[in-house]
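In: sharing a model that was predicted from the sequence below.
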Protein chains: 2
Amino acid sequence: MLTTFKATAKKLPEGLEVESSSRNFKITLDEPKNMGGTNKGMNPVEAVLCALGACESIVAASFCDKFGFTYDDFYINLEGDLDPEGFMGNPDIRNGFQEIRFEMHFKTNETQERAEEFADFIENTCPVADNLTNGVKLVRTGVVRDQPINA
Amino acid sequence: MLTTFKATAKKLPEGLEVESSSRNFKITLDEPKNMGGTNKGMNPVEAVLCALGACESIVAASFCDKFGFTYDDFYINLEGDLDPEGFMGNPDIRNGFQEIRFEMHFKTNETQERAEEFADFIENTCPVADNLTNGVKLVRTGVVRDQPINA
């Protein structure tokens, strides 16, 4: 059954700081000072890495019993390469990450082969990995102008 | 110049809760109870919407002067449709979002035409929008097994 997830991002008055929220949860996002921000939070591309890593972690925890894989601890290190010249206007460089790499760590007595089979399963199941690998249609439904009160 | 951004996601001992971190910033991600979690934070696909909205907000704030567009406040509402049957194993349904929609709100005296031109610019510049629209290569660099201490 199709489920609709929602969020709002609101630019705060100063600098580049943004408060993003979904349901009753909030994330502060910003840019470091060398990118023009005030460093009040991680930036959006770092948040994408965090979302991907969390999604793979949750898939692992949700499906390990079904898969028959036993582990205690799990963490995942992620990194992505981005060239800011892209979004600064160089048409030969893409704006976003050019590649994302990740390394999974399990605390487990399972064999290496089984750990890699489970890692394959995680990658092939993770919703965020699907959207990043295969893309997703973004649809702008509107641009709404609210007039300044003192216009 | 290629810049590498990093993050780590670590599964916490109980439930599906994950602590994702980048530099010294942390986000708690979890699933609601109806998805098997304990609802300690938004979930990863909601975090993707938050990252996209924040990225567009930051692009707007960073480039408005260069674009010659004046506004006071900005927020963006986002929603995405996902069918959990996909990641539950139905091969005919994709695992991630099937579509993401967003609506931009500017408090501005600019014309509707200019607001839509600026919205086009934002969409075409935003790094997270690029990665979600066009996809990005995900590379697993390793699966590391740490043996349980009491193995």
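Out: Alright, I've got the coordinates.

In: can I assume residue A:21 sits in a helix?
Out: No: assigned with DSSP: H, G, I helix; E, B strand; the rest coil, residue A:21 falls outside any helix and is strand.

In: quick check: bridge partners of it?
Out: Assessed by DSSP bridges, residue A:21 has beta-bridge partners residue A:8, residue A:26.

In: and it, what does it touch?
Out: For residue A:21, the contact set (CB atoms under 8 Å, 6 or more residues apart in numbering or on different chains) comprises A:7-10, A:27, B:50. Every residue, glycine included, has its C-beta placed from N, CA and C.

In: give me the secondary structure label for the residue nearest to residue A:47 when sequence neighbours are not counted.
Out: Closest residue to residue A:47 apart from its sequence neighbours, by CB to CB, 6 or more residues apart in numbering or on different chains: residue B:51 at 4.0 Å. State at residue B:51, reduced to three classes by three-state DSSP: helix.

In: centre-most residue in chain A?
Out: Taking CA atoms, centre = their mean, the centroid of chain A lies closest to residue A:48, which sits 2.0 Å from it.

In: what sits closest to it if chain neighbours are left out?
Out: residue B:51 (5.0 Å).

In: one more: residue A:32?
Out: For residue A:32, the closest residue by CB to CB, 6+ apart turns out to be residue A:39, at 4.9 Å.

In: cool, residue A:86 as well?
Out: residue A:93 is the one closest to residue A:86 (CB to CB, 6+ apart), at 3.7 Å.

In: residue contacts, residue A:132?
Out: With CB under 8 Å, 6+ apart, residue A:132 has these contacts: A:48, A:52, A:100, B:131-132, B:135-136, B:138.

In: show me where chain A has its helices.
Out: Per DSSP state H, chain A carries helices over the ranges A:44-67, A:112-125, A:127-134.

In: what residues sit buried inside the first one?
Out: Within helix A:44-67, the residues that qualify as buried are A:44-64, counting by 16 or more other CB atoms under 10 Å in any protein chain shown.

In: next: the second one.
Out: When neighbours are counted by 16+ other CB under 10 Å, the buried residues of helix A:112-125 are found to be A:114-116, A:118-119, A:121-123, A:125.

In: what about that helix, distance to the chain center?
Out: In terms of CA atoms, centre = their mean, to the nearest Å, the centre of helix A:112-125 is set 20 Å apart from its chain centre.

In: with the longest one instead?
Out: Averaged C-alpha coordinates place helix A:44-67 at 10 Å from its chain's average position (CA atoms, centre = their mean).

In: repeat for stretch A:13-22
Out: Distance, centroid of stretch A:13-22 to centroid of chain: 17 Å (CA atoms, centre = their mean).

In: then that stretch to CSV, C-alphas only?
Out: Taking Å, rounded to 0.1, in the frame of the first residue of the first chain, the C-alpha atoms of stretch A:13-22 are listed here in CSV:
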residue,chain,number,x,y,z
PRO,A,13,16.5,34.1,9.5
GLU,A,14,20.3,34.2,9.7
GLY,A,15,22.9,32.7,7.5
LEU,A,16,22.2,29.4,5.8
GLU,A,17,20.8,27.5,8.7
VAL,A,18,17.7,25.4,8.0
GLU,A,19,15.3,23.6,10.3
SER,A,20,14.0,20.4,8.6
SER,A,21,11.2,18.5,10.3
SER,A,22,9.2,15.4,9.8
